[in-house]
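**Student:** Fold the following for me, if possible:
(2 chains)
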There are 2 protein chains.
Amino acid sequence: MNNKLLTVGTLAFDTIETPLSRVERTMGGAANYSALASAIFDVEQAVVSVIGEDYPQSFLDYLIEREIDISQIEKVQGGRSFFWSGRYFTNMNKRETLETQENVLSGYTPKINPAFSDASFVLLGNLHPKVQLQVLEQLSSRPSLVVSDTMNYWIDHTPELLEELIRKTDVLTVSDEEAFALTGETLLLRAVEKLQQKGASYIIIKRGEHGAMLFHEEKRFFTPALPLTQVYDPTGAGDTFAGGFIGYMAQTGEVSFENMKNALVYATTLASFCVEQMGVERLLSLTKEEVLRRLFCLKELTQFEIKVV
Amino acid sequence: MNNKLLTVGTLAFDTIETPLSRVERTMGGAANYSALASAIFDVEQAVVSVIGEDYPQSFLDYLIEREIDISQIEKVQGGRSFFWSGRYFTNMNKRETLETQENVLSGYTPKINPAFSDASFVLLGNLHPKVQLQVLEQLSSRPSLVVSDTMNYWIDHTPELLEELIRKTDVLTVSDEEAFALTGETLLLRAVEKLQQKGASYIIIKRGEHGAMLFHEEKRFFTPALPLTQVYDPTGAGDTFAGGFIGYMAQTGEVSFENMKNALVYATTLASFCVEQMGVERLLSLTKEEVLRRLFCLKELTQFEIKVV
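**Tutor:** From the prediction side, this is the model:
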């Protein structure tokens, strides 16, 4: 086992409107959020993605500064980068997508650099499941941990590919709604059971402001989200969560339910920072010390001694 | 301080429709759920409420069997008991009220028995805030702990009385939506701050399947709901929660944030049983041993050791 981490996902321009602010063509995409979160940990990370000629070097520099390998980020000459724009409603729990331009993502085939084809940790961020599978096919050995994310669009449009992906996944991260859509169940525990039967040994249910729950065999662990005085922009919180989770796992190396509890706690903490500023802004200024301080707030919030009466 | 507990609230007939079952004119009302939950603990409890001539002795017997004092349950000759009927939607998180008959509740003035006017613990279940205040006015001394519940109807229709109630309340239990409605805020921490300013030193935010959070000064504690394989009927879960909370507090006697953490954990555990069968059915068969067993599941679900990396 090594501490190499392959982070697969979109690199994008995001235009985000929240009730409090608006930002145009900012640095976005699942891979950016996840990579910045994983970079808090001591890991050897490479991002696998595709960009157009319009993608600014300054965005890439943020990764390079964090010693993230960008050699597997393909730049398409004459191509335009993936673009997403969305608007959040008043309570920020709901958003609508205003526009998606696939651009260079359409027809993209990932190419894994031999230096990373033996990565022990692979994060397959939300993308066409075909691309996620193509990454796995190019690995020289089975990774110690494959974490996969997806979204409703792929559940509706490419169900067979998703089934194959889940079979090859160790940790599937989905929302309640996605778990229900994937299984046809309406009760969480039943949906989780079915997802485990589909092949993912660990299931993480992401509930946004309502926290996250980890399932493995008969075991369960829950962590709430940290209550925040200000939520500026929820974009990327799930990707930050996933990046934090696998980053912690890659640094510590021990693939077990017990260790994943801590990974979940770190992931939740990192996600809580993400939403405090627009786009990736807060992640760019985030220090390890801040993360640890907030980790202890999460401990305070949840830990108790049972008094049997 | 004594371990006397006054439980104020409705005693009712409930007709409940869920996607899984239907029950007619079953034993219901906030005071019944709360009292049955509190009765798990070693407390001297009396229920303060009103019933009509149609209210069956068998319902009262369930309280009597648990050594709950029913001398302050007023029976109105020729009157009809409070009636509520409601229907739950598929995912059971939402319901609609089909019918409410106030009946004997309309014009009810509670009369507190001198034997209980020195009660150290008072639970003011959801009722007209005028009635809740009338109970407090008849007490011979300030209780050690007043826990108050309410609902959107009173927030909309009797805001001044509610303000007065909150000033006299130690622990206010409300849902997110109720907290927002009471304060005009849309962010939880701000709503909680305003509720504290209104006079309730402790705030509990009830989130149903998403758990509950306790706030006091700068301190916070969260407990998730237990994940269940079957939810049969959510009716009364909030009242069971409140009854479990104050029952634990009354038995242990120590009014502090630290002790309330445990009260919250017991309350959550009791509420998880309530929803497993229709109406109060599960509470009627519940044993202390079952509660303790599930309490340890909740501990398993939430406790971790921070690993600083």
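
**Student:** before we move on, what SS does residue A:249 have?
**Tutor:** Residue A:249 carries the three-state label helix when classified by DSSP: H, G, I helix; E, B strand; the rest coil.

**Student:** so it touches residue A:255, yeah?
**Tutor:** Yes - Residue A:249 is within contact range of residue A:255, at 6.9 Å (criterion: CB atoms under 8 Å). No exception for glycine: its C-beta is placed from N, CA and C like everyone else's.

**Student:** between the two, which one's more packed in?
**Tutor:** residue A:249 (31 against 19; other CB atoms under 10 Å in any protein chain shown).

**Student:** Now do the same contact list for the more buried one.
**Tutor:** Contact partners of residue A:249, counting by CB atoms under 8 Å, 6 or more residues apart in numbering or on different chains, are A:121, A:145, A:147, A:255, A:259, A:260, A:263.

**Student:** residues in contact with the nearest residue to the third one once chain neighbours are set aside?
**Tutor:** This points to residue A:147. Nearest non-adjacent residue to residue A:147, counting by CB to CB, 6 or more residues apart in numbering or on different chains: residue A:171, 4.4 Å away. By CB under 8 Å, 6+ apart, the contact list for residue A:171 reads A:145, A:146, A:147, A:148, A:200, A:201, A:202, A:203, A:204, A:245, A:260.

**Student:** Doesn't the third one belong to a strand?
**Tutor:** What it means is residue A:147. Yes - judged by three-state DSSP, residue A:147 forms part of a strand.

**Student:** which residues does it contact?
**Tutor:** Residue A:147 sits in contact with A:121-124, A:169-173, A:242, A:245-246, A:249, where contact means CB under 8 Å, 6+ apart.

**Student:** that older thread, which member of the contacts of residue A:249 is positioned nearest residue B:25?
**Tutor:** If you rank the contacts of residue A:249 by distance to residue B:25 using CB to CB, residue A:260 comes first, at 48.5 Å.

**Student:** shouldn't that closest one be in contact with residue A:213?
**Tutor:** No - judged on CB under 8 Å, residue A:260 makes no contact with residue A:213 at a distance of 11.5 Å.

**Student:** which stretches of the stretch 1-150 of chain A form helices?
**Tutor:** For the stretch 1-150 of chain A, applying DSSP state H, counting those that start in this stretch gives helices covering A:30-38, A:57-65, A:129-137.

**Student:** Quick one: closest of those to chain B.
**Tutor:** Nearest to chain B among these is helix A:30-38 (12.5 Å), distances taken as CB to the nearest CB.

**Student:** For that closest one, which helices and strands make contact with it?
**Tutor:** Applying 3 or more CB pairs under 8 Å, 6 or more residues apart in numbering or on different chains; DSSP states H and E, we find helix A:30-38 packed against strand A:4-8, strand A:44-52, helix A:57-65, helix A:237-252, helix A:257-274, helix A:281-285.

**Student:** Turn those into TSV, columns for mean pLDDT.
**Tutor:** Output for the helices and strands packed on helix A:30-38, formatted as TSV (pLDDT from 0 to 100):
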stretch	mean pLDDT
strand A:4-8	98
strand A:44-52	98
helix A:57-65	98
helix A:237-252	98
helix A:257-274	98
helix A:281-285	98
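
**Student:** Show me which of the contacts of residue A:171 is closest to residue B:55.
**Tutor:** Distances from residue B:55 to these, taken by CB to CB, are shortest for residue A:203, at 47.1 Å.

**Student:** pLDDT score for that closest one?
**Tutor:** Note for residue A:203: predicted pLDDT of 98.

**Student:** neighbours around it, how many?
**Tutor:** Counted with other CB under 10 Å, residue A:203 comes out at 25.

**Student:** Let me know the distance separating it from chain B.
**Tutor:** Using CB to the nearest CB, to the nearest Å, we find residue A:203 at a distance of 12 Å from chain B.

**Student:** got it, and residue A:171?
**Tutor:** Residue A:171 sits 17 Å away from chain B, going by CB to the nearest CB.

**Student:** which stretches of the stretch 101-250 of chain A have low pLDDT?
**Tutor:** Of all residues in the stretch 101-250 of chain A, none has pLDDT under 70.

**Student:** hmm, 90 instead?
**Tutor:** Within the stretch 101-250 of chain A, the segments meeting pLDDT under 90 span A:186-187, A:209, A:228-231.

**Student:** what's across from the residue nearest to residue A:147 in the sheet?
**Tutor:** residue A:147, residue A:202 (DSSP bridges).

**Student:** how many neighbours does the residue nearest to residue A:270 when sequence neighbours are not counted have?
**Tutor:** Closest residue to residue A:270 apart from its sequence neighbours, by CB to CB, 6+ apart: residue A:244 at 3.6 Å. Close neighbours of residue A:244, defined as other CB under 10 Å, add up to 30.

**Student:** How about the contacts made by residue A:244?
**Tutor:** Residues near residue A:244 by CB under 8 Å, 6+ apart: A:37, A:38, A:40, A:263, A:266, A:267, A:268, A:269, A:270, A:271.

**Student:** quick revisit: which neighbours do residue A:249 and residue A:255 share?
**Tutor:** Listed as contacting both residue A:249 and residue A:255 by CB under 8 Å, 6+ apart are residue A:145.
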